[in-house]
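Chemist: Sequence first, then the predicted structure:
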Amino acid sequence: MADIKSLKATKFLDMLSHRQARFEVAQAELPDFPDNAAVLAKALHPKRQYLKIESIQERGEDCKSFTLVPDKERGTEALAYFGAGKYLTVFETIEGMPVTRAYSISSSPKESLEGKYVLTIRLVEGGLMSRYIFDNWQVGTEVQVSAPAGNFEYQPLRDAKKVVCLAGGSGITPFISMAKAVCDGDEDFEMILLYGSKSSDCILFKDELAELEKSCDKIKVVHVLSEEKGRAKKGMEKGFITAELIKKYAPENEAYSVFICGSQQMYAFVDKEVEKLGLEKKYIRHEMFGEFHNPASQEDYPSEVPETVKITVTIQDKTYTVEAKTGDSVMQSLEKNGIAVPARCRSGECGFCHSHLLSGKVYVPKNLEYRRLADYKFGCIHPCCSFPLTDLVMDVPAAK
Amino acid sequence: MKTYDVIVIGAGNGGLAAAATCAREGLSTLLVERHNIPGGSASSFVRGRFEFEPSLHELAGVGAPDKSGQIEDMFLRMGGDVEWCTHDSTFRLVVPAKACEKDAFVNENGVLVKVDARMPVGFESFARKLDELVPGSYESCMKAFDLSTRMYKALDCLDNLKKLPGSIKDFPDILRMVSHTMKEVLDALGMPKKAQDIFNTYWCYLGSPASKLDFLYYMAMLHSYVEYGTGIPKYRSHEMSLALDKVIRESGGDIWYNSEATRIIMKDGKPAGVVINGEKEVYAKYIISNSYPYAVFKDLFEKKDIPEKQLKMLKSRKTACSLTTVYLGMNKTKEELGIKDYSVFVAPDSDSDKQYEAAQNFKSGFCIINCLNEIIPDCTPEGTCQLFLTTMTFGDVMKDVRPQDYKKFKTEIAKDMIETCEKALGLSIMPYIEEIEIALPTTFVRYLNTPFGTPYGYMLEKWDSMIPRTVQYLGDQPFDNFFFCGASQERGDGYGCAYYTGEKAGGLVVNAIKKEGK
């Protein structure tokens, strides 16, 4: 008859001394074992990257490409590799205000191995960071950026083999990186790029795009010009990126993905056009919205909101109370008062600024809702896209 | 700068439970966490219209609607507000067959398999089902559950360290269960090998196969799953972590996120505080670390301050498994996909030791497929569902992968896992993927800062199993004012285990401070 009694109970007593004996005979030294997962994690996700500007290329009146290289003296030996489409968050201090902005990398992943990132930045009217960059970034200027981040990337298990890419203005930058990655063999898909610009003389990366199209048969470029005078040249279309135009260039009896990157005005127009195509949701991918302004223009914005409120914020062991405009995001208001807060995407999506709202009410634009379900239950917000409606009391993580 | 009663390093499950325990007892408590949110593994993330569960498969400790289990008890006791969802199932094990094997058959999905075991809740039902699959296994199965029922009484004794080891001797069978492996005990109970394989399916939740894992520890887990079924929080495990965050705050504790402990301050040969982010010094009478001993001693201590025994322990223990998970937001419902189970374990062989051998590397044919909608039907928008596929690996499996290979490598591993599940379950998954995220050991290193990204602590082996670890816990701690908690400690991995060790470490500090006060 099978029975547990056939096993010795006294064996237990040996276990205790045996265990301590195992420890006793071991060498007293920190184990040193190869762990490439840790090496990779560090290489791909450094806390900060310390760079300097190696060269600057002017692209017309209001746009520049900055080539950034590692600054070994400040401890960055090599650049973090990235998937084409990712962005870097740039950290600056402008008149005592800690400010951050996310910019898509326009160079290829391969170039990062050679020690080079390129950020292509357009001067935004009234833009704080772009104005600062245009006035201050020179060859040799020291720059701090985050690790590459973002989810606007080609994923072969999810996306179709053919991708219609819709770009507007400086929204071309992640697509330049993707096109280069396709040419380098680092990404494998067919790119049909519909690129909206005002006119043929203000197309960014015009020569580079022509070169990429010529050197790689997986890339097709169509310029869509909204204010072009005269007849459209070969490879160009006049007007806007409409559903009709997308259909004209999209594969006919084959699945295709649509990737979109541009300004908020462009999204407002193009999203409606893309909707007419009746594609499955999985085939439509959006780069982030960018920083949101003027919440009062939204239909669901409440009435009778005061112009200014007070925000009391605790970061570690320090508490500050600041006056804030209700038209500014919580993040902007804190930064304007010289308080550094964690920031990456500034579009609601990445969640890096996740904070506790202990009392008060905020407005969050609907299309910037990327909070987790439990965040609603426990009063957590993303300050980058939350606008105060009343006085607020908050607990915010340290800036990083 | 004020001196806290206690600083807790790391807001993983163990650290949250430890800080909540201390704060609720009125200790001035500071919890520091290097990430921006609490939880470590117990978290969530959003992609498109899906919010994914990053690590939790199922909780054995939620209990049933009419009967709360150990984890629900802890949240009730602490006042942590979590909405629980439960499900009346345990697991399904599917072992695909190669065409010519003799005991192969075609299952309900039209797939040729060697084993297809869908196991119910309830000891009696479980044993009957096992007997139906492997005739002659009913009696040994019921005996195993009888042992585990009695074991719980003995475990109550163990919770009080002072009584040990004296009183445990009153439970001779428990001593046998502690000092013998699953295989040894099930053999002694006369369970047929094939039934043992099915019985041992959950081994991977603990990371050690039947020949290494002690019977008591495995049964503690299996017993509660079979008794209660499965439970999970309604809003992913981020809900559990935020609930404990709230308990700590409301009890007067401080929590600092994005605040990494970068050095331990020593005074008179003992830890006296922590440096945060390399700049801010904070002092405390006691320190509890949820961060692993390896990370703590490697990065936070000067060599001369590390107790010799800690180095010896680190040198002699083996890191447990690491995980790889593929998170899938599907643009079809589970019914449209043909998924009928919450948890299916797909294995290349029914024997847990052979599964363990295979899992030494990627592409092992071992994969757990979970469909969250099976328990929370509305956890994704209408017309969709979410799946997550998990496999385990051991050691330096990322070796030779360079940064520039990483994305392709990741995609290749995910593809292999998806295809393994498609084949084993006769389903089509690939065309319906709307969102995908892939977490490899590298990802877990990034978020957990553990060797190889393990969430499981140190391998539970015969010589270093749960009960000896528990009995010797105090002697294994580095200083009389510094305690570890979490997966690296006596109970290994698992949410319930981490909470338990956190509460226990917190309790030790609470008692010590109360004593000082007298």
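Modeler: Structure received.

Chemist: Residue A:348 looks like it's in a helix, true?
Modeler: No - secondary structure of residue A:348 (DSSP: H, G, I helix; E, B strand; the rest coil): coil, not part of a helix.

Chemist: I'd assumed residue A:384 was in contact with it.
Modeler: Yes - under the criterion of C-beta atoms under 8 Å, residue A:348 makes contact with residue A:384 at 6.2 Å. The way it works is simple: take the backbone N, C-alpha and C, and place the C-beta from them, glycine included.

Chemist: anything in contact with each of these two?
Modeler: With contacts defined as C-beta atoms under 8 Å, 6 or more residues apart in numbering or on different chains, no residue is shared by residue A:348 and residue A:384.

Chemist: contacting residues for residue B:171?
Modeler: With C-beta under 8 Å, 6+ apart, residue B:171 has these contacts: B:150-151, B:153-154, B:157.

Chemist: tell me the domain ranges of chain B?
Modeler: B:3-43+B:237-318+B:459-517, B:122-226 (automatic domain parsing).

Chemist: Residue A:87: which of the ones you listed is closest?
Modeler: Evaluated over the domains of chain B, closeness to residue A:87 peaks at domain B:3-43+B:237-318+B:459-517, with 18.0 Å, by C-beta to C-beta.

Chemist: All the helices of the stretch 1-150 of chain A, in order from the start?
Modeler: A:11-25, A:36-44, A:109-113, A:128-136 (DSSP state H, counting those that start in this stretch).

Chemist: can you put those in TSV and add mean pLDDT?
Modeler: Supplementary listing: the helices of the stretch 1-150 of chain A in TSV, determined by pLDDT from 0 to 100:
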stretch	mean pLDDT
helix A:11-25	92
helix A:36-44	97
helix A:109-113	98
helix A:128-136	96
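
Chemist: who wins for proximity to residue B:285 among the ones you listed?
Modeler: Residue B:285 lies closest to helix A:11-25 among the helices of the stretch 1-150 of chain A, at 27.8 Å (C-beta to C-beta).

Chemist: Pull the residues that contact the closest one.
Modeler: B:165, B:175-176, B:178-180, B:309, B:312-313, B:316, B:463-465, B:467-469, B:471-472, B:475.

Chemist: do that again at 7 Å, thanks
Modeler: Residues from elsewhere that reach helix A:11-25, judged by C-beta atoms under 7 Å, 6 or more residues apart in numbering or on different chains: B:175, B:178-179, B:309, B:312-313, B:316, B:463-464, B:468, B:471-472.

Chemist: Also stretch A:392-400?
Modeler: Outside stretch A:392-400, the residues that reach it (C-beta under 7 Å, 6+ apart) are A:98, A:309, A:311-316, A:330, A:340-342, A:355-360, A:362, A:383, B:36, B:256-259, B:277.

Chemist: Apply 8 Å and report the result again.
Modeler: Counting by C-beta under 8 Å, 6+ apart, A:47, A:98, A:309-316, A:324, A:330, A:334, A:340-343, A:353-362, A:383, B:36, B:249, B:255-259, B:277 sit against stretch A:392-400.

Chemist: same thing with stretch A:256-270?
Modeler: Applying C-beta under 8 Å, 6+ apart, the external contacts of stretch A:256-270 come out as A:104, A:152, A:154, A:159-160, A:162-169, A:171-175, A:192, A:196, A:240-241, A:246, A:250, A:271, A:274, A:277, A:279, A:283-287, A:289-290, A:292.

Chemist: Ends of that stretch, what's the gap?
Modeler: 17 Å (C-alpha to C-alpha, to the nearest Å).

Chemist: circling back: mark which of the contacts of helix A:11-25 are buried, thanks.
Modeler: B:175, B:178-179, B:309, B:312-313, B:316, B:464, B:468, B:471-472 (16 or more other C-beta atoms under 10 Å in any protein chain shown).

Chemist: near chain A too, which of those residues?
Modeler: By C-beta under 8 Å from any C-beta of the partner chain, the members of these lying near chain A are B:175, B:178-179, B:309, B:312-313, B:316, B:464, B:468, B:471-472.

Chemist: for those, which one is nearest residue A:8?
Modeler: residue B:179 (7.6 Å).

Chemist: Let me see the contact set for that closest one.
Modeler: A:7-9, A:11-12, A:14-15, B:214.

Chemist: Mind doing that once more with 10 Å?
Modeler: Residues in contact with residue B:179 (C-beta atoms under 10 Å, 6 or more residues apart in numbering or on different chains) are A:7-15, B:185, B:214-216, B:462, B:465, B:467-468.

Chemist: Tell me how far it lies from residue B:147.
Modeler: Distance, residue B:179 to residue B:147, by C-beta to C-beta, to the nearest Å: 14 Å.

Chemist: ok, and the most crowded of the contacts of residue B:171?
Modeler: With neighbours defined as other C-beta atoms under 10 Å in any protein chain shown, the most crowded of the contacts of residue B:171 is residue B:151; it has 22 neighbours.

Chemist: Isn't it up against residue B:178?
Modeler: Yes - counting by C-beta atoms under 10 Å, residue B:178 is a contact partner of residue B:151 at 9.1 Å.

Chemist: who touches both of the two?
Modeler: Shared contacts of residue B:151 and residue B:178 (C-beta under 10 Å, 6+ apart): B:158, B:171, B:215-217.

Chemist: Closest one of the residues you listed to residue B:383?
Modeler: Nearest to residue B:383 among the shared contacts of residue B:151 and residue B:178 is residue B:217, at 42.0 Å by C-beta to C-beta.

Chemist: list the contacts for that closest one?
Modeler: Taking C-beta under 10 Å, 6+ apart as the definition, contacts of residue B:217 comprise B:151, B:177-178, B:182, B:206, B:208, B:460, B:465-467, B:469, B:491-492, B:497.

Chemist: Of those residues, keep whichever come out buried.
Modeler: By 16+ other C-beta under 10 Å, these give B:151, B:177-178, B:182, B:206, B:208, B:460, B:465-467, B:469, B:491-492, B:497 as buried.
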